[in-house]
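My questions concern the predicted model and sequence given below.
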Amino acid sequence: MDKLIFIAMFSLVAAAAADDRPAEWNFEKEGLSIQVVGKDAEFDEKRAYQVVVRAGLRTLARLEVNRDGMVTDAWITDLDDDGAFEIVVATAQLAGTEIGAADVHEWQGFHFNSTKTGDLGADQRPDYRGNDQFTVTGGRLRRAYPIFADSDGTAVPTGALAEFEYRFGENRWEPEPP
């Protein structure tokens with residue numbers, strides 16, 4: 001019985017410790033191992049993330065990006081259909097707000113060309129309150145956020161979403177048709 005209690009307690013402690021680990025995504029592409037790690041501000045002084053590319057045991061590139069935000073997801077894709085892959089990293093709570101962002105890191109040879117995605121235009125964010133959600137589907141980066149309406153001075157979600165697709169070559173967001 002004591003062994004069973006010990007195993008149950010150990011399992012609970014291990015599960016809690018696993019939840020405290022930094023966010024991590026691992027990909028394999030073209031014989032390379034790519035890892036995205038969201039660093040924990042509690043231990044690292046700033047909320048940043050790293051992208052590391054390895055070939056076997058050899059590290060080919062390491063990129064650290066300070067976004068002052070929490071990494072929410074990462075993908076590997078080819079946004080511009082040029083054969084070179086891009087690592088897309090989505091972040092939330094930038095500088096303590098509800099605003100989200102995405103960074104695109106295109107792998108070219110042995111280094112990254114990095115791009116912070118363009119901001120939404122003023123006409124693309126009426127009733128914007130953040131809470132951005134990013135996805136990559138079919139090789140395309142998409143962004144959506146809930147639309148809010150003011151009701152007696154309080155912002156209330158309407159249930160509708162504003163949706164956009166990212167145009168990598170132009171570094172801009174294009175509205176998705178309703």
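Alright, I've got the coordinates.

For this structure, which residues score under the pLDDT cut-off?
1-22, 41-46, 178 (pLDDT under 70).

for it, longest strand please?
Counting residues, the longest strand found in the chain (DSSP state E) is strand 154-167.

in its sheet, what does that strand sit against?
When pairing is defined by DSSP bridges, strand 154-167 lines up against strand 140-151 (antiparallel), strand 172-175 (antiparallel).

okay, which residue is most central for the protein?
In the chain, the residue lying closest to the centroid (C-alpha atoms, centre = their mean) is residue 90, at 1.8 Å.

In space, what's closest to that residue - neighbours in sequence excluded?
Counting by C-beta to C-beta, 6 or more residues apart in numbering, residue 134 is the residue found nearest to residue 90 once chain neighbours are left out, at 3.9 Å. In short, each C-beta sits where N, CA and C put it, glycine included.

In the longest strand of the chain, which of the residues would be classed as buried?
161-162, 164, 166-167 (16 or more other C-beta atoms under 10 Å).

closest to residue 56 among the residues you listed?
residue 166 (32.8 Å; C-beta to C-beta).

now the closest residue to that closest one other than its chain neighbours: how far from residue 122?
Nearest residue to residue 166, sequence neighbours excluded (C-beta to C-beta, 6+ apart): residue 141, at 4.0 Å. According to C-beta to C-beta, to the nearest Å, residue 141 stands 21 Å off from residue 122.

Repeat that for residue 62.
From residue 62 across to residue 122, the span is 37 Å (C-beta to C-beta).

circling back to that earlier point, near the residue nearest to residue 90, how many other residues are there?
24 (other C-beta atoms under 10 Å).

what sits against it?
72-73, 88, 90, 100, 102, 141-143 (C-beta atoms under 8 Å, 6 or more residues apart in numbering).

So which residues make contact with stretch 57-65?
Stretch 57-65 has contacts (C-beta under 8 Å, 6+ apart) with 32, 48-54, 89, 103, 105, 110-112, 114.

what's the distance between residue 100 and residue 30?
29 Å.

What of residue 152?
Taken as C-beta to C-beta, the span from residue 152 to residue 30 is 56 Å.

Who has more neighbours out of the two?
A count of neighbours by other C-beta under 10 Å puts residue 30 above the other of residue 152 and residue 30, at 10 against 5.

out of everything not next to it in sequence, what's closest to the more buried one?
According to C-beta to C-beta, 6+ apart, the nearest residue to residue 30 is residue 85 (7.3 Å).

Noted, bye for now.
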